[in-house]
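Asker: missing the sequence, but the structure's below:
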């Protein structure tokens, strides 16, 4: 995998634009024995992804805000080091994880390697190369500093503020938008229940889901993130 990382660095230097680089990234992924690549940036102001995963899987991931439960993303957050993964690694985890990998397998995504790095304000960026096979036999004898530098280089190239073709991974339900909007205006959860004609428990439920989707630890942070992402007025 060190050779792949070096080739990616070379491609970044040679490519003049992102549109030039991404075909290089897809080709290098295939040459290294994998089928797909995915870049994911989870920042405090923007959630951004680029990949050559099947369009149907990208739409499914978006519609269900899978990044908030994705076991690979959660492992990356916890370890912040390159790691190998496969669906079989997560069979002992909860039903959410098993369902996630079952759905991913329907799109020939079964194993891979992921390279996470820390970015500003507690965010994370990650490059993943994935395979249709059940397990990758690629060695993980990788210099983590070199891997982090390479992913950082990719992050700097692909993270362009305000790109129209960036894929936004947060999709809020109307109830979540309503609750966040009122909360951002200073209303309490009980106030929101009265205004929207909801049960207090339902307001708590929608706010909890919104926090997960927005990768926020508090409702206030969720409201700030939703405002920055222009998901609420």
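Answerer: That came through fine. Note that the structure is a prediction, hence the values are computed from the model and not measured.
Asker: separation between the most far-flung residue of the chain relative to its centre and residue 188?
Answerer: In the chain, the residue that sits farthest from the middle, by C-alpha atoms, centre = their mean, is residue 194; the gap is 34.9 Å. Using C-beta to C-beta, to the nearest Å, residue 194 is found at 10 Å from residue 188. (C-beta placed from N, C-alpha, C; glycine too.)
Asker: Can you give me the buried ones in the helix or strand encompassing the residue farthest from the centre of the chain?
Answerer: Element membership of residue 194 [criterion: DSSP states H and E] is helix 189-196. Buried residues in helix 189-196, defined by neighbour count with 16 or more other C-beta atoms under 10 Å: 189, 192, 193, 196.
Asker: quick one: buried residues of the next helix or strand after that helix?
Answerer: Going down the chain from helix 189-196, the next helix or strand is helix 200-213, by DSSP H and E. By neighbour count with 16+ other C-beta under 10 Å, helix 200-213 contains the buried residues 203, 204, 206, 207, 209, 210, 211, 213.
Asker: out of those, who's nearest residue 158?
Answerer: The closest of the buried residues of helix 200-213 to residue 158 turns out to be residue 213 (C-beta to C-beta; 22.0 Å).
Asker: The closest one and residue 228: what is the separation?
Answerer: 14 Å.
Asker: and what of residue 4?
Answerer: Distance from residue 4 to residue 228, by C-beta to C-beta: 34 Å.
Asker: ok, these two, which is more surrounded?
Answerer: residue 4 (19 against 14; other C-beta atoms under 10 Å).
Asker: Please, which helix or strand holds the more buried one?
Answerer: Short version, using DSSP H and E: residue 4 is in helix 2-14.
Asker: Name the next helix or strand downstream of that helix, please.
Answerer: Per DSSP H and E, the helix or strand that comes after helix 2-14 is helix 18-31.
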